[in-house]
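J.: take this sequence and fold it.
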Amino acid sequence: MIATQADHRLTHSRLQCAKTCLRKHYLMYELGLRPDKEAPPLRVGRAFHIGMELMGQMGVEEAIASMEAVYYTASLAQGADAESLAIERQMVFCLLRNHLWRWGPMDAEIQVIASEQVFGIPLQNPMTGKRSRTWTLAGRRDKLVKLPGDRLAILEYKTTSEDISPESDFWRGVLLDSQVSLYWLAALDAGLKVETVLYDVTRKPDLSPRQVALLDECGNKKVLDAQGQRVLKKDGKPRQTSDSALGYVLQTRPETPEEFYHRLLTDIEARPDYYFARREIPRLQADLEEARYELWQWGKILRDCRRHGRWPRNTGACRGFGRCSCWDLCTGGFEPESGIIPAGWKQVENIHQELEE
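T.: Next up is the predicted model:
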């Protein structure tokens, strides 16, 4: 039998997992199973967040050098594809440098009070005030800052693939963000009078590496016919375009990571608001009250599942937004009673790795 984890902390990540599927929560938080390779989309967001944390401690180039030496070296050692990782690395580095370019003047007017602060608070019954005997709440807040006018605020970094333009659905969804409500409740528990939340959102690029035309010594593109011969126009000059009907093929090579970096840089400089956005969205008393009841209710649900050893599946989440990471476990006959951890998975000692330093 694979041993269960004796961890009674409820974090935002854990609760989001439970809301998605209680069986997935059982696999990942009760058993502590994780894929042994981090998915690329998750890796990009995590790397950007690490970079932002390091940039708060040192210069941007020093932070990037540190990530190169530690984070990306570790990713390679864990089996990440080297070519894909090279592109992801340039993507993250470009976003970090341009985040500083976009928000540097504004950040100069913001005083950081606390950064990457881990907290733990009681889970309380909102009707009686009594503490849960099963669960506590935990998290790691990005930053607590003082805005101009001495307003205390939670600064929350987000990365997303969604549209972040002012009228997009992303900002309406932020109103339902239970993570920041948890952070606000933790601040209240510490006696802090937070007035607002400053969302700092970075959009992940939708650009991908492309094929680049091969050039000759004169800078002309190479187009070959079906026999592999250079195609010339009537005037004797090299043809510059392909034609599948005639069998003319433009010769190409993969774009290098450095070329991808500069293409992304050009795009960011041309439309910075496509990639970076900030907006203040405070939490109202009604929002906090809703959060208190929701947290308590989910604590009861998880306690009941644990007590009965039953974790219902939400089959609507299996392929709703792409295939669930636990798909192979749920469809491959995995049995925890066997004590065998399936290939491609590992059991972690700390199920809340986001709380680690």
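J.: now do the buried residues in the strand ranked longest in the chain.
T.: Ranked by number of residues, the top strand in the chain under DSSP state E is strand 131-147. If you call a residue buried by 16 or more other CB atoms under 10 Å, then strand 131-147 has these buried ones: 132, 135, 137-145, 147. Glycine gets a C-beta too; all of them are placed from N, C-alpha and C.
J.: for that strand, name the packing helices and strands.
T.: For strand 131-147, the contact count by 3 or more CB pairs under 8 Å, 6 or more residues apart in numbering; DSSP states H and E identifies strand 9-10, strand 111-124, strand 151-160, helix 178-189, strand 196-203, helix 285-308 as packing neighbours.
J.: adding distance to A277, write those out as a markdown table.
T.: Converted to a markdown table, the helices and strands packed on strand 131-147 look like this (distance: least, CB to CB, whole Å):
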| stretch | distance to A277 |
| --- | --- |
| strand 9-10 | 30 |
| strand 111-124 | 20 |
| strand 151-160 | 9 |
| helix 178-189 | 16 |
| strand 196-203 | 5 |
| helix 285-308 | 21 |
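J.: tabulate the ones you listed (CSV), appending mean neighbour count.
T.: As requested, these are arranged in CSV below (neighbours: other CB atoms under 10 Å):
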stretch, mean neighbour count
strand 9-10, 20
strand 111-124, 15
strand 151-160, 19
helix 178-189, 20
strand 196-203, 20
helix 285-308, 15
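J.: ok, which of these comes nearest P254?
T.: Comparing the helices and strands packed on strand 131-147 against P254 with CB to CB, the closest turns out to be strand 196-203 (24.7 Å).
J.: helices and strands around the closest one, which ones?
T.: Packed against strand 196-203 by the contact rule (3+ CB pairs under 8 Å, 6+ apart) you find helix 82-107, strand 131-147, strand 151-160, helix 272-275, strand 276-280.
J.: hmm, try it at 6 Å
T.: The helices and strands touching strand 196-203, judged by 3 or more CB pairs under 6 Å, 6 or more residues apart in numbering; DSSP states H and E, are strand 151-160, strand 276-280.
J.: may I have that strand as CSV, with CA atoms only?
T.: What follows is the C-alpha trace of strand 196-203 in CSV, where atoms were taken according to Å, rounded to 0.1, in the frame of the first residue of the first chain:
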residue,chain,number,x,y,z
THR,A,196,-6.4,46.6,-2.0
VAL,A,197,-4.9,44.0,-4.3
LEU,A,198,-2.6,45.0,-7.1
TYR,A,199,-2.7,42.3,-9.8
ASP,A,200,0.4,42.2,-11.9
VAL,A,201,-0.4,40.0,-14.9
THR,A,202,2.0,38.8,-17.6
ARG,A,203,0.7,37.0,-20.7
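J.: what pLDDT, on average, does that strand get?
T.: Taken as a whole, strand 196-203 has an average pLDDT of 96.
J.: what helices or strands is the helix or strand following it leaning on?
T.: Toward the C-terminal end, the helix or strand that comes next after strand 196-203 (DSSP states H and E) is strand 211-213. In terms of contact count using 3+ CB pairs under 6 Å, 6+ apart, strand 211-213 is assigned the packing partners strand 252-254.
J.: in its sheet, what does the strand it packs on sit against?
T.: On the basis of DSSP bridges, the sheet neighbours of strand 252-254 come out as strand 211-213 (antiparallel).
J.: can you list the neighbours in contact with the partner strand?
T.: Among residues not part of strand 211-213, those counted as contacts by CB atoms under 6 Å, 6 or more residues apart in numbering are 221, 250, 252-253, 255.
J.: now swap in stretch 134-148 and tell me
T.: 8-12, 109-115, 117-121, 123, 152-153, 155-157, 182-183, 299, 303, 354-355.
J.: okay, which residue is most central for this structure?
T.: With the centre of the chain defined as its mean C-alpha position, the nearest residue by CA atoms, centre = their mean is G45, 3.1 Å away.
J.: tell me which element that residue is part of?
T.: Under the assignment given by DSSP H and E, the secondary-structure element containing G45 is helix 40-55.
J.: give me the buried positions along that helix.
T.: Using 16+ other CB under 10 Å as the burial criterion, the residues of helix 40-55 that qualify are 43-52, 54-55.
J.: then stretch 265-273?
T.: Taking 16+ other CB under 10 Å as the neighbour-count basis, stretch 265-273 is seen to contain the buried residues 267-268.
J.: what residues are up against the residue nearest to the centre of the chain?
T.: Taking CB under 6 Å, 6+ apart as the criterion, G45 is in contact with T159.
J.: please tell me the pLDDT value assigned to it.
T.: Among the per-residue scores, G45 shows a pLDDT of 87.
J.: and if you look at the one 5 residues further on?
T.: Confidence at I50, expressed as pLDDT, is 89.
J.: ChimeraX command for the buried members of the contacts of strand 211-213?
T.: Burial among the contacts of strand 211-213 is assessed by 16+ other CB under 10 Å; the matching ChimeraX selection reads:
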select :221,250,255
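J.: distance between the worst-scoring helix or strand of the chain on mean pLDDT and the chain's centre?
T.: Each helix and strand of the chain was given a mean pLDDT (mean pLDDT, DSSP states H and E); the minimum falls on helix 71-77 at a mean of 77. Its chain's C-alpha centre lies 17 Å from the corresponding centre of helix 71-77 when counted by CA atoms, centre = their mean, to the nearest Å.
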